[in-house]
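Asker: Just a sequence and a predicted model for now, questions to come.
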Amino acid sequence: MGYRDVAKVGLGGPVGSGKTALVKRLVPELVEREYNVGVIANDIMTQEDADVFRESFADLLPEDLIEGVETGACPHTGIREDPSMNLAAVDEFTERHPDLDVVLIESGGDNLAATFNPELADYFLFVISVAEGEDIPRKRGPGVTQADLLVINKTDLAPHVDADLDVIEADTDEVRGDDPYVFTDCKAGEGIEATLEHIEREVLFA
């Protein structure tokens, strides 16, 4: 069995948008639903996020289903231009765990232009933070406009950064059209269920 036989969900977004926090929320919920999950964390030259996952998921996932990919260049290199290192990691996962259901692939912090190679991700979540400014959706980066699901995170910070969630929602409606988006507060767990519903419906139940 190879990487084409397992569902692959990509998570991209700028530094500090909350990708790691989202993965930390999604994995326990997926495991609770009895899915077999693997996790890959991309970064330039560090295992920082992968180590966070190894510690967080020590009681949930086998250690050999958590991998750090060091791209050695801008994170989009490993998720868009040349996904071979990530695909090799997924292949190793499926060889060791033939019953694997889904792999979450977190990009290193990138910019609004980050997207996933379709060979690498069957479903692409792009995470932005309310703290980055309420004009982020209006900037219409490829990540915002092309992601299968836009995740607007850190809604709890809106009052502290003068961001109006109603304005963000209206702008997102205009930019995304009929494409879905969710508001989340990963710290409080808000919006996680809605995010999972999209992943299950579009990837795991497809």
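Answerer: Received the coordinates, thanks. Numbering: from 1, shown residues only.

Asker: for the residue sitting furthest away from the middle of the chain, what are its contacts?
Answerer: Of all residues in the chain, the one whose C-alpha sits farthest from the chain's mean C-alpha position, using C-alpha atoms, centre = their mean, is residue 162 at 26.1 Å. Counting by C-beta atoms under 8 Å, 6 or more residues apart in numbering, residue 162 makes contact with residue 134. (Each C-beta comes from the backbone N, C-alpha and C, glycine too.)

Asker: got a pLDDT number for it?
Answerer: In this model, residue 162 is scored at 95, pLDDT.

Asker: pull the helix or strand with minimum mean pLDDT from the protein.
Answerer: One helix or strand of the chain scores below all others by mean pLDDT, DSSP states H and E: helix 75-76, with a mean of 70.

Asker: following it, which helix or strand comes up?
Answerer: helix 84-96 (DSSP states H and E).

Asker: Only alpha carbons, please: show that next one as PDB.
Answerer: This file holds the C-alpha atoms of helix 84-96, laid out as PDB (Å, rounded to 0.1, in the frame of the first residue of the first chain):
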ATOM      1  CA  SER A  84       8.600  14.200  -2.600                       C
ATOM      2  CA  MET A  85       9.900  14.200   1.000                       C
ATOM      3  CA  ASN A  86       6.400  14.400   2.400                       C
ATOM      4  CA  LEU A  87       5.100  11.700   0.000                       C
ATOM      5  CA  ALA A  88       8.000   9.500   1.100                       C
ATOM      6  CA  ALA A  89       7.000  10.000   4.700                       C
ATOM      7  CA  VAL A  90       3.300   9.200   3.900                       C
ATOM      8  CA  ASP A  91       4.500   6.100   2.100                       C
ATOM      9  CA  GLU A  92       6.500   4.900   5.100                       C
ATOM     10  CA  PHE A  93       3.500   5.500   7.300                       C
ATOM     11  CA  THR A  94       1.300   3.300   5.100                       C
ATOM     12  CA  GLU A  95       3.900   0.600   4.800                       C
ATOM     13  CA  ARG A  96       4.200   0.300   8.600                       C
END
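
Asker: buried ones in that helix?
Answerer: For helix 84-96, the neighbour count (16 or more other C-beta atoms under 10 Å) marks 85, 86, 87, 89, 90, 91, 93, 94 as buried.
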